[in-house]
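>>> I would like the atomic coordinates for the input below:
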Amino acid sequence: MDLNKVSVVRWFEDTNKHSCGYCKSENSISQGMWAESLTVDDYQELIDRGWRRSGKYCYKSLMEQTCCPLYTIKCDVINFLLSKSQKKVIKRFNKFLKDGNIKYEDNIQFEEPDNHSDLHQNHPKMNLSDLSASISNSIQQNNLTSIETPSTSNTDEIDLNEMDNSQQKTEKICDKASNSSQLKVNTKTPLKVGVGADPTKPPCKKAKILRIERKKAKGLQFQKSPPVSNQKSLEQFLEEVSQNDKKKLRPKQFPEGIDGPGYGSFHQQYWINDRLIAVGVIDILPRCVSSVYFFYDPDYRSLTLGTYGSLREVQLTRYLQKNLPHLSSYYMGFYIHSCPKMRYKGKLTPSYLVCPETYHWVPIEKCITLLEANKYSRLEEDIDAIDENLPTQRDISEIQVVYQRHLMHYDDFDEFGDESEKFKLIANFIGKKCCRSLIFWEQ
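Numbers count the residues shown, from 1 in each chain. Predicted coordinates for the structure are as follows:
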């Protein structure tokens with residue numbers, strides 16, 4: 001067997017508490033393993049059971065014990081609905097491409113919200129193929145280390161006239177409503193004279209003005225920061241990362257007859273006028289496009305590039321799905337309801353969370369009430385539903401182990417020492433399918 005063509009991992013038994021990146025406590029608990037190599041098929045099975053990778057390290061939260069449970073979240077790109085705020089992000093980016101101007105005032109209303117107030121709204125449906133032309137002739141991609149954007153034509157350009165017309169109609173209706181329902185004041189009752197504003201305090205400012213001033217101050221802070229001699233540009237950083245294949249998934253070609261980059265790890269580059277402004281790190285897997293990381297030039301932070309990048313990745317997933325029907329989801333990593341700053345991931349509609357007990361996908365609208373009551377919850381409503389991928393004792397016995405340079409099944413390895421509890425735990429974490437494909441390196 002060629003170990004370079006299969007998944008080889010080393011299991012970490014340590015589950016001690018460590019610092020949490022979300023609530024900053026010392027109560028984060030997860031299970032981990034180091035992947036010397038990892039195929040796209042195995043990683044697909046792992047992320048559907050709540051796993052996630054950071055380079056070669058794969059981890060899964062111990063949901064009932066950790067301070068901030070991590071729920072895997074995905075978006076159904078076939079039925080994707082573009083929200084009003086997302087349309088505005090697209091329009092603002094297109095406006096920037098046209099005139100090159102960025103206004104701080106335009107950016108205020110697009111900050112990521114801290115609640116799910118619009119999760120239950122009916123978003124207007126929009127053909128996401130429009131996105132493919134929003135930065136045509138402005139985004140350049142290379143093979144191997146980046147993904148080639150689908151070709152665009154005049155018919156694919158973003159058409160927001162329909163939205164503008166509907167918005168104008170809404171404004172007219174609002175104007176009529178405001179004219180017909182003017183406030184009536186009872187002049188018979190004398191008004192009391194107030195004490196007025198406190199002269200010792202500065203005049204009040206609207207919250208929007210305060211946010212604008214904070215944005216401008218932050219921008220000046222970036223400009224005044226002294227240059228760092230060893231600071232690397234995005235291009236230099238990307239070149240170094242692209243030359244290091246150790247942290248990437250093992251690539252795999254698409255089925256015969258289907259054009260495309262194939263399965264594996266890629267960088268989606270965003271260029272404007274020969275300047276690299278952002279990079280999206282993604283994994284293309286058999287059933288999804290998984291967003292790993294997204295970083296951008298801070299000079300363009302006012303364009304809400306994080307949101308725009310996610311919309312571009314949704315569009316890429318829809319493009320691939322046309323020839324690969326099973327590749328129909330966009331994975332956004334983890335949804336952490338106990339951390340308000342991470343709830344923005346639920347804004348892509350429709351979104352689903354994986355149940356930590358049955359590993360079935362549940363619409364996020366049905367999960368919010370449960371997560372408001374308890375940070376950990378079984379999301380599956382059917383009390384009789386079970387984990388169909390739960391391994392049996394026979395599956396455990398078929399786990400492959402490399403020990404003393406010999407490849408053997410767990411039954412043979414067990415003769416060197418009783419590791420039954422350890423491998424039973426491993427099997428429950430990785431599932432039945434991965435029991436037959438992952439190879440564990442034991443020292």
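
>>> Is E421 part of a helix or strand, or is it coil?
helix (DSSP: H, G, I helix; E, B strand; the rest coil).

>>> now D14
Quick answer, by three-state DSSP: D14 is coil.

>>> What count of nearby residues applies to it?
7 (other C-beta atoms under 10 Å). The way it works is simple: take the backbone N, C-alpha and C, and place the C-beta from them, glycine included.

>>> now do the one 4 residues further on
Counted with other C-beta under 10 Å, the neighbours of H18 add up to 12.

>>> Send me the lengthiest strand in the chain as PDB with only the CA atoms.
If you go by DSSP state E, the chain has its longest strand at strand 275-285. What follows is strand 275-285, C-alpha atoms only, in PDB (Å, rounded to 0.1, in the frame of the first residue of the first chain):
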ATOM      1  CA  ARG A 275      -2.900  44.700  -6.900                       C
ATOM      2  CA  LEU A 276      -3.800  41.700  -4.800                       C
ATOM      3  CA  ILE A 277      -6.500  42.900  -2.400                       C
ATOM      4  CA  ALA A 278      -7.800  39.700  -0.800                       C
ATOM      5  CA  VAL A 279      -7.300  35.900  -0.700                       C
ATOM      6  CA  GLY A 280      -9.800  33.200   0.100                       C
ATOM      7  CA  VAL A 281      -8.500  29.900   1.200                       C
ATOM      8  CA  ILE A 282     -10.900  27.100   0.400                       C
ATOM      9  CA  ASP A 283     -11.200  23.300   0.200                       C
ATOM     10  CA  ILE A 284     -13.100  21.800  -2.700                       C
ATOM     11  CA  LEU A 285     -14.500  18.500  -1.500                       C
END
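
>>> Would you map the strands across this structure?
8-12, 30-37, 51-54, 57-61, 71-76, 264-272, 275-285, 288-296, 329-335, 351-354, 361-363, 400-403, 406-409, 439-442.

>>> can you list the ones you listed in a markdown table and add mean neighbour count and mean pLDDT?
Output for the strands of the chain, formatted as a markdown table (neighbours: other C-beta atoms under 10 Å; pLDDT from 0 to 100):
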| stretch | mean neighbour count | mean pLDDT |
| --- | --- | --- |
| strand 8-12 | 17 | 94 |
| strand 30-37 | 19 | 94 |
| strand 51-54 | 18 | 95 |
| strand 57-61 | 19 | 95 |
| strand 71-76 | 24 | 97 |
| strand 264-272 | 21 | 93 |
| strand 275-285 | 21 | 95 |
| strand 288-296 | 21 | 94 |
| strand 329-335 | 22 | 96 |
| strand 351-354 | 23 | 97 |
| strand 361-363 | 17 | 97 |
| strand 400-403 | 18 | 92 |
| strand 406-409 | 13 | 90 |
| strand 439-442 | 17 | 92 |
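
>>> Which one, of those strands, ends up nearest to F416?
The minimum distance between F416 and the strands of the chain falls on strand 400-403, with 6.7 Å, by C-beta to C-beta.

>>> Which residues does the closest one contact?
By C-beta atoms under 8 Å, 6 or more residues apart in numbering, the list of residues contacting strand 400-403 from outside reads 3, 8, 407-410, 413, 416, 438-442.

>>> repeat that with 10 Å
1, 3, 6, 8, 10, 407-414, 416-417, 419, 423, 435-443 (C-beta atoms under 10 Å, 6 or more residues apart in numbering).

>>> and it, which strands flank it?
Strand 400-403 sits in its sheet next to strand 406-409 (antiparallel), strand 439-442 (parallel), going by DSSP bridges.

>>> Out of those, which is closest to E26?
Nearest to E26, of those and by C-beta to C-beta, is strand 439-442 at 29.5 Å.

>>> Report the contact partners of D382.
C355, T358, H360.
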